[in-house]
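Colleague: Fold the following and give me the result.
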Amino acid sequence: MPTQVAERTGPVVARALQILAAFTPDRRALTLSELSRHSGLPVSTAHRLAADLVAWGALERDPAGCYHIGLRLWEIGSLAPRGLGLREAALPFLEDLSQVTRENVQLAVREGTEVVFVERIAGSKAVPVLTRVGGRFALTATGVGLVLLAHAPADVREQVLAGPIKRYTERTLVTPHQLRAALADTRARGYAISDRQVTMDAVSVAAPIHDARGDVVAAVSLVVHHGGVAPHTLASLVRTSARAISRALPAPL
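Modeller: Residues are numbered from 1 along each chain as shown. This next block holds a predicted model:
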């Protein structure tokens, strides 16, 4: 009987996840037909699963009949220790850094071969950025990505360097040789600089955050206008914030 239950439950769980995965930053509201198309499920199946997810709170349905991600799912997601716990420990120092510089401040972690942004504070008159809280980005282009990749396990680094490596601007590092040199520099000096690698008007300076064991678990960065403050002059501020956050992290259980 347990095996039969597992066989019935497994595909249902997988299909429910297909429904949730249909939503993206560019697809925040979906009709039933769109939900069916983007999930790859028949309309009848999508309708039945969507109704279950609405009842639980993972989805919400507006008066026009479109589906949205529900608050219940956000509540569950916020319990992830690398999200909420890290954010709560880091937020006072991120706010201090933002107030001192009036620039964009970002906090990120590595998930596989990508960066996930846990927090972002937008500075007044700061340069526009492409990142968002909860969003993912390549490890090879941003300041936080370079920090996290520099301290990632060797097999992760090799997987990323094996490509393909996305080019965002003419200054994006896209060859393994360039990236290996940048990662070595990052480890040697204790911070990374991404100079116009994502957009041609922005430079980011990032530093690693360590846990009680000394492992790099996150990275913090400032994103500033190109041609403004010299990036190296911001490094001490970013590294000071990173060390403060490291000390504030709760001890592992």
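Colleague: Which residue ranges of the stretch 151-253 of the chain form helices?
Modeller: Taking DSSP state H, counting those that start in this stretch to define them, one finds helices in the stretch 151-253 of the chain at 154-161, 176-189, 231-248.
Colleague: among those helices, which is the most enclosed?
Modeller: Greatest average neighbour count among these goes to helix 231-248 (a mean of 18), per mean count of other CB atoms under 10 Å. Glycine gets a C-beta too; all of them are placed from N, C-alpha and C.
Colleague: Can you tell me which helix or strand of the protein has the lowest average pLDDT?
Modeller: Taking mean pLDDT, DSSP states H and E as the measure, the chain has helix 2-21 as its least confident helix or strand, at a mean of 68.
Colleague: Now do the buried residues in the very next helix or strand once past it.
Modeller: For helix 2-21, the following helix or strand on the C-terminal side (DSSP states H and E) is helix 32-39. Taking 16 or more other CB atoms under 10 Å as the neighbour-count basis, helix 32-39 is seen to contain the buried residues 32, 35-36, 38-39.
Colleague: follow-up on the earlier one: any chance of JSON lines for the helices of the stretch 151-253 of the chain, columns distance to Thr199 and mean pLDDT?
Modeller: Converted to JSON lines, the helices of the stretch 151-253 of the chain look like this (distance: least, CB to CB, whole Å; pLDDT from 0 to 100):
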{"stretch": "helix 154-161", "distance to Thr199": "21", "mean pLDDT": "95"}
{"stretch": "helix 176-189", "distance to Thr199": "18", "mean pLDDT": "95"}
{"stretch": "helix 231-248", "distance to Thr199": "15", "mean pLDDT": "93"}
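Colleague: I'd like to know which of these lies nearest to Ile19.
Modeller: helix 154-161 (29.3 Å; CB to CB).
Colleague: residues in contact with the closest one?
Modeller: Defining contact as CB atoms under 8 Å, 6 or more residues apart in numbering, one finds that helix 154-161 is touched by 110, 112-113, 139-140, 149, 152, 176, 179-180, 183.
Colleague: How about the contacts made by Tyr168?
Modeller: Tyr168 makes contact with 141, 197-199, according to CB under 8 Å, 6+ apart.
Colleague: should've said Arg48
Modeller: With contacts defined as CB under 8 Å, 6+ apart, Arg48 has no neighbours.
Colleague: In terms of helices and strands, where is it?
Modeller: Assigned by DSSP H and E, Arg48 belongs to helix 43-56.
Colleague: how far out from the middle of the chain is that helix?
Modeller: Taking CA atoms, centre = their mean, to the nearest Å, one finds the center of helix 43-56 at 28 Å from the center of the full chain.
Colleague: what comes up buried for it?
Modeller: Along helix 43-56, the positions that meet the burial threshold by neighbour count (16+ other CB under 10 Å) are 45-46, 49-50, 53-54.
Colleague: pLDDT for those - can I get that in JSON lines?
Modeller: Supplementary listing: those in JSON lines, determined by pLDDT from 0 to 100:
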{"residue": "Thr45", "pLDDT": "91"}
{"residue": "Ala46", "pLDDT": "92"}
{"residue": "Leu49", "pLDDT": "94"}
{"residue": "Ala50", "pLDDT": "94"}
{"residue": "Leu53", "pLDDT": "93"}
{"residue": "Val54", "pLDDT": "93"}
